[in-house]
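Participant: Need a 3D model of the sequence below.
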Amino acid sequence: MIELARRVKQVKPSATLSITAKAASLRAEGKDIISLSVGEPDFDTPTHARSAAVEAIEAGLTRYTPVAGIPELRQSIADKLRKDNGLDYEPADILVSTGGKQCIYNLMQAILNPNDEVIIPAPFWVSYPDMALLAGGRPVIVQTRADADFKLAPEQLAAVMNASTRLLVLNSPSNPTGMAYSAEDFAALGEVLKEHPRVTVMSDEMYEKILFDGKAFASFAAANPHLHERTITVGGVSKAYCMTGWRIGYAAGPAHVIKAMVTVQSQSTSNPCSISQHAALAALTGPQDELHGMVQTYERRRDWLVARLNEMPGFDCLRPDGAFYVFPGIQVLQDKASFKDDVAFCDWLLDQAGVALVPGTAFGAPSHVRFSYAVSQETLEEACNRIEDAILRRRISD
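Facilitator: You can find the predicted model right below:
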């Protein structure tokens with residue numbers, strides 16, 4: 001038998017993808033399953049982006065591109081960051097990858113040495129700790145609190161910083177909580193980081209365009225100009241432009257770090273898909289009106305879902321700032337219904353109600369569950385009715 005590397009044995013498969021696959025398998029068996037587990041918009045890719053892809057194919061733009069991406073796409077990203085985020089980057093400071101996930105993976109491979117510590121606030125996107133492990137780093141998980149909107153506090157950051165700290169991972173708006181940091185929140189964290197010049201910040205801003213209640217989006221680097229040369233900003237077209245399958249993300253940061261990330265990418269996947277790059281260019285530079293309507297729809301769904309969950313026995317749901325998730329606590333539900341944990345609850349719910357959710361344990365936050373409301377209103381309503389019926393059948397009451 002071929003022996004596996006130790007680093008692979010440390011890594012867990014993505015929980016969200018595993019649950020989505022399980023729900024799809026049950027559906028293939030003929031069971032009526034509603035999946036609220038996948039983090040994928042339910043809208044179509046904008047027409048102008050799709051048209052640009054067809055035009056690229058017809059024009060024969062199907063060959064290798066520069067590893068870091070076509071120059072015009074890198075320029076459009078620089079223009080977008082300057083216009084939308086107040087960040088000044090040149091195309092040489094930008095890498096285009098096969099999704100934001102590859103950008104983050106490239107970064108960790110480029111800057112982490114064995115046992116370098118990576119500070120990751122929980123709840124976290126499921127892949128952060130495992131990517132750190134694959135790079136030889138050591139994840140340091142910092143638990144945040146619901147009564148602090150699941151945001152990392154400056155005093156929490158200061159308490160875990162030491163000589164081994166190499167990277168701080170931030171995500172706003174957050175997957176899974178949907179909560180967003182303000183410029184003031186980021187500036188307070190930046191004050192702590194002043195005292196630790198060896199620490200790099202990775203700011204995952206994939207959901208920046210999906211923000212509600214008229215809130216202004218804050219980029220970490222813009223809120224901390226003094227940390228501009230220590231910050232890698234990650235974004236992409238997957239969520240805002242409904243292009244998850246096109247696999248285009250980008251990273252912007254100091255040129256020498258981006259160059260190192262390009263080197264990593266050159267020895268793994270090389271360039272991202274040429275056709276997808278042209279579609280992403282059209283998405284970034286074309287009309288944005290479809291995006292505005294999509295965000296309004298998400299906001300209406302959020303308002304409905306938060307109210308509906310807080311009416312149910314056993315759920316305690318905050319009102320998120322953005323993205324398309326809610327992350328209610330279910331500790332009361334676990335206690336009253338004698339569920340071992342959130343994983344057991346999600347397994348039971350899939351079996352009894354045919355609804356797939358992701359347990360909070362996958363995000364480093366036990367006794368929570370993640371709902372994705374990137375589905376139709378009718379699907380949300382049916383899912384919630386099924387959940388409540390299953391709970392009441394188990395004789396759970398307030």
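
Participant: Residue 105 and residue 167, how far apart?
Facilitator: 13 Å (CB to CB, to the nearest Å). Using the backbone N, CA and C atoms, a C-beta is placed for each residue, glycine as well.

Participant: Let me fix that, I meant to ask about residue 327.
Facilitator: To residue 167, residue 327 is 24 Å away according to CB to CB.

Participant: Off-centre distance for stretch 290-305?
Facilitator: 18 Å (CA atoms, centre = their mean, to the nearest Å).

Participant: taking the mean pLDDT, what do you get for it?
Facilitator: On average, the pLDDT along stretch 290-305 is 97.

Participant: Contacts for that stretch, please.
Facilitator: Contact with stretch 290-305 is made by 41, 43, 46-47, 178, 209-213, 240-242, 317, 319-320, 324, 326, 371, 373-374, 377, 380, 384, as judged by CB atoms under 8 Å, 6 or more residues apart in numbering.

Participant: quick one: the helices in the stretch 1-150 of the chain?
Facilitator: With helices called from DSSP state H, counting those that start in this stretch, the stretch 1-150 of the chain shows them at 6-9, 15-28, 47-58, 71-85, 100-111, 127-134.

Participant: Check the contacts of stretch 290-305 for burial and list the buried ones.
Facilitator: Listed as buried from the contacts of stretch 290-305 are 41, 46, 178, 209-212, 240-242, 317, 319-320, 324, 326, 371, 373-374, 380, 384; burial here means 16 or more other CB atoms under 10 Å.

Participant: Return the subset of those lying in strands.
Facilitator: Using DSSP state E, 326, 371 are the members of the buried ones among the contacts of stretch 290-305 that sit in strands.

Participant: what ranges of this protein fall below the confidence cut-off?
Facilitator: 15-16, 395-398 (pLDDT under 70).

Participant: domain parsing for it?
Facilitator: Annotated domains of the chain cover 6-44+289-393, 62-285 [automatic domain parsing].

Participant: a markdown table please, covering the ones you listed and showing distance to residue 52.
Facilitator: Shown next, in a markdown table, are the domains of the chain (distance: least, CB to CB, whole Å):
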| stretch | distance to residue 52 |
| --- | --- |
| domain 6-44+289-393 | 14 |
| domain 62-285 | 3 |
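
Participant: Kindly compare burial across those and name the winner.
Facilitator: domain 62-285 (a mean of 20; mean count of other CB atoms under 10 Å).

Participant: And it, how far out from the chain middle?
Facilitator: Taking CA atoms, centre = their mean, one finds the center of domain 62-285 at 10 Å from the center of the full chain.

Participant: next one: stretch 13-23
Facilitator: 15 Å.

Participant: same check, this time on stretch 294-310
Facilitator: Per CA atoms, centre = their mean, the displacement of stretch 294-310 from the mean C-alpha position of its chain is 19 Å.

Participant: tell me the contacts of the most centrally placed residue in the chain?
Facilitator: When CA atoms, centre = their mean is applied to the chain, the residue found nearest the centroid is residue 175 (4.5 Å). Residue 175 sits next to 39, 125, 206-207, 323, 325 when contact means CB under 8 Å, 6+ apart.
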